[in-house]
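J.: Pasted the sequence and its predicted model underneath.
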Amino acid sequence: MPEPRVAIVGAGPAGLRAAQVLAEASLRPLLVDEGHRAGGQIYRRPPPGAERPAAALYGFEAGRAQALHDLADALAPRVDYRPGTTVWGIAPRDPDGFDLECLGPDGHGRIAADRLVLATGAMDRTLPFPGWTLPGVFTLGAAQIALKAQGMAIGRRVALVGAGPLLPLVAHQYAKAGATVVAVLDVTPLAAKVKAAPRLAAVPATLAKGVWYTMRGALRRQPVRSGVRAIAVEGAARVEALAFEDAAGRRHRVACDAVGASFGLRSEAQAADLAGCRFAFEPVTRQWQPERSGQGRSSLPHVYLAGDGSGIGGADVAELQGERTALTLLADLGRPRDPAREAHLDRRLARQAGFRAALEAAYPYPHHLVEGIADDEIVCRCEGITAGAIRRTATERDASEMNRLKALTRTGMGRCQGRVCGHAAAEILARTLDVPVETVGRLRGQAPIKPIPLREPA
Amino acid sequence: MQRLTVDVAIIGGGTAACAAAVALREAGLTVAVLEKRLCGGGASGVNFGGVRQQGRDLAELPLSRRSRVLWDGLSAKLSEDVGFEATGHIKLARSESDMAVLEAYARDAAGHGLDLQLLGPNALRAEMPWLGPAVVGASLSPTDGQANPRVVGPAFARLARRLGAEVCEHAPVRHAARDGAGFTIEAEGVSVRSRHLVNAAGAYGGTVAGWFGEAAPVAPLAPNMVVTEPLAPLVTRSIGVVGGDVYLRQTRRGNVVLGGGRGTADIADGLARPVAATSLGAMGKTLTLIPDLAHAQVIRSWSGLDGEMPDHIPVIGPSGTTPGLVHAFGFSGHGFQLGPVVGEILAELVTTGRSASPLHPFRIERFAGWRGPFRSEGEIEH
């Protein structure tokens, strides 16, 4: 019997660890990477010739980043690596298996795979606030990309706003890179972090350091302010200042020329959606994700999941899940098992789950930002749809769920296909209808996952 | 379990069904609409959005002509902008034999009062200099146009509600049967008694007809649609081709919607999916018609479930077996333009037993001797 062809989508921590396990089993997996060098978003590598020291790029994640990059280099001869390749469609193939529609350096291509490991990662979750569409406003993830890939800061005087562990991490990375960070604003309360601290301290995970930085105000020159509310970017044609209200209710205004702002992470789950995986609502981070068993199975035979694309766990968890999921896949292929290794990974993942729960408790969902979205605020920036239009459509035109809202208003119908605006639109719709957010459902995924040219590159 | 007793129960919540509900309420009858998901979310809501008379089966032209008049007043009637614009529909010839087809059709259509203008290569390029060299001529229907399919069906449903119709969504019908002088209809969460029954169940119209001992071979049809990001205005008219393998239009917003070929349809779960190879094929054909679109980015593809009849025209008319039952289904991928008039016709059939429009070609009895399955293939004009 020929060896099954396994395709791994995504070459971040989860995809690389899965590739390692499968390569060691001599399966020569296909590793499809939207990026040009393996590492994913968190361990994104600069283009060749623009490298900088890992410590300068990744801060307290430098050791892990270096290890993953070394792994990617070592795996090169044993995997079929496809850099710069976007999987834009997935469809079941008769009698089983899948066709991956890819757009790579050589144009469109179709890859047949018997089994899939989807390790598609996450992106920043955005929420609208006054001025969020002004030039000079980035997500925290984009602020990181500018630093890692281009060795650039997003501005000369940068303000950072967030509701998750990415905030202190980016602040730390920017400070280490020598950028001028004029404000680090956490929209979640300090009390939540203090309460979660004992549980966080018990786990020697790198991200815990970020929370400690936040609590101790240890970022040199720029302590983190927690419990910030009512953020607003000011400026005529681009960012000129960031205004906010501190935890005591005092208004502040900080002059700056760039803002990095995002509010937790959302799974990039479109590939799982197109493959046909069943989704479930995850109530803590308030998002729909493909169902994943502890061993990495999806709801479909032959489709496996690992990393942030199927549940926000961070890079360390992604590595563990990548390995665990690949072991499950090997077991399903009838390969010899290593119960001790599986049990070890399961124990570590269980500890990480506890840590993650504490981390989520440290950064609770910023309901006050959603409640503060004014009617004239643009929610869907591709199509220019305001919060008021969404609210009116909900009450006057019977938009009871997200796909109907999309059909009636064009929300989520533009270039981003709801990846940026879908979350905020669902929160606004649910609040308007006075129902739990899971009741309004989620936007159905449709190919292409990202825009593709009408004519492929020659 | 909700229990309703009404004059007319309608199975299906597409444009024709909801338009019928509106017309029946205007005639003073009580109405219940039973829709398995959301009104206007099936074939009515995910189609190409062409409001086209040109190219239709000649049997459909009287209905299509009558419906076209309704489109002019639709936004006003529904109190909502349905995006209708009479941009004209132009059907392109890519060979001399295509041109002969267009000439013959123009003669036939003239007999139904539809004026089509035949354009040779010079006249065509004078108006549309961006057409590629593959195009040799065209037939223009100036009164045709396009509209936003996503809003029409839901707007009819809301108007029906405002007029007092019971519009039941997420209420798939399990069974319907003749019961004494009327009908009983069992749907998810609601049970309806009615004097009349309208079968506007789209791809499931044949199943409903079967409950009353009538054969109507309906195959699932899933048109494959693709849309680009918004572009600067370029494509001034809704465009089709002889053969029907590609069609496109540019929306008011600037997106170019293009279709051609088939997706996959699953009649069991009611889902239709686009097929990547079909999308890429339609994209390539679009470029042969309009090379200037090469730079455009495609942002989405989709499909929807319609019902297709073997002769590509719908079933519209009274049941052959069951008094009080009226059918309208199987629009075969081109029912969007007809929706408003089919609503009126259904109301006429329910209230008077006859229609002002000629319905003989659409009678269900034409399939009385039909045996065996029907699998549809080939191109269909949308």
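T.: Perfect, thanks for sending it.
J.: So which bits of chain A are right by chain B?
T.: A:89, A:91, A:99, A:101, A:108, A:110, A:383, A:397-398, A:400-401, A:403-404, A:407-408, A:410, A:413-415, A:417, A:446-448, A:451-455 (CB under 8 Å from any CB of the partner chain). Just so you know, the C-beta spots here come from the backbone N, C-alpha and C atoms, and that holds for glycine as well.
J.: got the residues of the stretch 51-200 of chain B near chain A?
T.: The stretch 51-200 of chain B comes close to chain A at residues B:80, B:150-151, B:154, B:157-158, as judged by CB under 8 Å from any CB.
J.: Roughly how far does the spatially most central residue of chain A sit from residue A:415?
T.: Centroid-nearest residue in chain A: residue A:122, 2.0 Å away (criterion: CA atoms, centre = their mean). Using CB to CB, to the nearest Å, one gets 19 Å for the distance from residue A:122 to residue A:415.
J.: Contacts only, for the closest residue to chain A within the stretch 1-150 of chain B.
T.: Of all residues in the stretch 1-150 of chain B, the one sitting closest to chain A is residue B:150 (3.9 Å; CB to the nearest CB). Residue B:150 sits next to A:407-408, B:40, B:45-46 when contact means CB atoms under 8 Å, 6 or more residues apart in numbering or on different chains.
J.: Can you flag the buried ones in those?
T.: A:407-408, B:40, B:45-46 (16 or more other CB atoms under 10 Å in any protein chain shown).
J.: Going by distance to residue A:424, which of the residues you listed wins?
T.: residue A:408 (17.0 Å; CB to CB).
J.: Quick check: what element follows the helix or strand where the closest one lies along the chain?
T.: Per DSSP states H and E: residue A:408 is located in helix A:402-409. For helix A:402-409, the following helix or strand on the C-terminal side (DSSP H and E) is helix A:422-433.
J.: and the angle for that next one with helix A:402-409?
T.: 90 degrees (axes from the mean of the first three to the mean of the last three CA atoms, to 10 degrees).
J.: List the buried residues for helix A:422-433?
T.: A:422-433.
J.: Turn those residues into JSON lines, including pLDDT and distance to residue B:281.
T.: What follows is these, written out as JSON lines (pLDDT from 0 to 100; distance: CB to CB, whole Å):
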{"residue": "A:422", "pLDDT": "97", "distance to residue B:281": "30"}
{"residue": "A:423", "pLDDT": "97", "distance to residue B:281": "34"}
{"residue": "A:424", "pLDDT": "98", "distance to residue B:281": "36"}
{"residue": "A:425", "pLDDT": "98", "distance to residue B:281": "33"}
{"residue": "A:426", "pLDDT": "98", "distance to residue B:281": "35"}
{"residue": "A:427", "pLDDT": "98", "distance to residue B:281": "39"}
{"residue": "A:428", "pLDDT": "98", "distance to residue B:281": "39"}
{"residue": "A:429", "pLDDT": "98", "distance to residue B:281": "36"}
{"residue": "A:430", "pLDDT": "98", "distance to residue B:281": "40"}
{"residue": "A:431", "pLDDT": "98", "distance to residue B:281": "43"}
{"residue": "A:432", "pLDDT": "98", "distance to residue B:281": "41"}
{"residue": "A:433", "pLDDT": "98", "distance to residue B:281": "41"}
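J.: Max pairwise distance over the contacts of residue B:150: which two?
T.: Farthest pair in the contacts of residue B:150 (CB to CB) is A:408 and B:46. Separation: 13.4 Å.
J.: separation between the closest residue to chain B within the stretch 151-300 of chain A and residue A:40?
T.: Closest approach between the stretch 151-300 of chain A and chain B, counting by CB to the nearest CB: residue A:274, at 8.8 Å. Here residue A:274 is placed at a distance of 20 Å from residue A:40 (CB to CB).
J.: who's more crowded, the two?
T.: residue A:40 (28 against 25; other CB atoms under 10 Å in any protein chain shown).
J.: Output the below-cut-off pLDDT ranges for chain A.
T.: Low-confidence segments of chain A (pLDDT under 70): A:1, A:59, A:202-222, A:456-458.
J.: mind giving me the domain split of it?
T.: What automatic domain parsing lists as the domains of chain A is A:6-123+A:266-337, A:126-263, A:373-440.
J.: those helices in the stretch 301-450 of chain A, which residues are they?
T.: For the stretch 301-450 of chain A, the helices defined by DSSP state H, counting those that start in this stretch occupy A:315-332, A:339-362, A:367-371, A:387-396, A:402-409, A:422-433.
J.: For the longest one, which helices and strands make contact with it?
T.: Looking back up the chat, that one is helix A:339-362. Here helix A:339-362 touches helix A:190-201, helix A:206-216, helix A:315-332, going by 3 or more CB pairs under 8 Å, 6 or more residues apart in numbering or on different chains; DSSP states H and E.
J.: thinking again about what came up before, make CSV from the helices of the stretch 301-450 of chain A and add distance to residue A:285 to it.
T.: Output for these, formatted as CSV (distance: least, CB to CB, whole Å):
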stretch, distance to residue A:285
helix A:315-332, 13
helix A:339-362, 7
helix A:367-371, 13
helix A:387-396, 22
helix A:402-409, 17
helix A:422-433, 10
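J.: Determine which of the domains of chain A approaches residue B:328 most closely.
T.: domain A:373-440 (23.0 Å).
J.: Off-centre distance for the closest one?
T.: Here the centre of domain A:373-440 is set off from its chain's centre by 21 Å, with CA atoms, centre = their mean, to the nearest Å.
J.: next one: stretch B:17-35
T.: Put simply, stretch B:17-35 sits 19 Å off its chain's centre (CA atoms, centre = their mean).
J.: Span of that stretch from start to end?
T.: Start-to-end span of stretch B:17-35 (CA to CA, to the nearest Å) is 9 Å.
J.: What residues does the residue positioned nearest the centre of chain B make contact with?
T.: Nearest residue to the geometric centre of chain B (CA atoms, centre = their mean): residue B:335, 1.7 Å. For residue B:335, the contact set (CB under 8 Å, 6+ apart) comprises B:14-16, B:43-44, B:47, B:306, B:314, B:342.
J.: if we can go back for a sec, which among the residues of chain A next to chain B count as buried?
T.: A:89, A:91, A:99, A:101, A:108, A:383, A:397-398, A:400-401, A:403-404, A:407-408, A:410, A:413-415, A:417, A:446-448, A:451-455.
J.: Verify the stated contact: residue B:310 with residue B:216.
T.: No - look at residue B:310 against residue B:216 with CB atoms under 8 Å: they stay out of range, at 10.0 Å.
J.: which neighbours do those two share?
T.: Residues touching both residue B:310 and residue B:216 by CB under 8 Å, 6+ apart: B:367, B:370.
J.: quick one, strands of the stretch 201-350 of chain B?
T.: Secondary structure of the stretch 201-350 of chain B (DSSP state E, counting those that start in this stretch): strands located at B:219-221, B:223-230, B:238-241, B:247-250, B:255-262, B:264-266, B:271-273, B:297-303, B:306-308, B:315-318, B:325-329.
J.: I'd like those strands laid out as CSV, including mean pLDDT, mean neighbour count and distance to chain A.
T.: Converted to CSV, the strands of the stretch 201-350 of chain B look like this (pLDDT from 0 to 100; neighbours: other CB atoms under 10 Å in any protein chain shown; distance: least, CB to the nearest CB, whole Å):
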stretch, mean pLDDT, mean neighbour count, distance to chain A
strand B:219-221, 94, 23, 17
strand B:223-230, 97, 24, 5
strand B:238-241, 98, 27, 15
strand B:247-250, 98, 26, 11
strand B:255-262, 97, 25, 8
strand B:264-266, 91, 17, 8
strand B:271-273, 91, 21, 7
strand B:297-303, 97, 22, 4
strand B:306-308, 95, 29, 17
strand B:315-318, 98, 24, 27
strand B:325-329, 98, 28, 22
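J.: Determine which of these approaches residue A:289 most closely.
T.: Of the strands of the stretch 201-350 of chain B, nearest to residue A:289 by CB to CB is strand B:271-273, at 20.7 Å.
J.: Give me the residues contacting that closest one.
T.: A:91, B:46, B:220, B:222, B:263-266, B:303-305.
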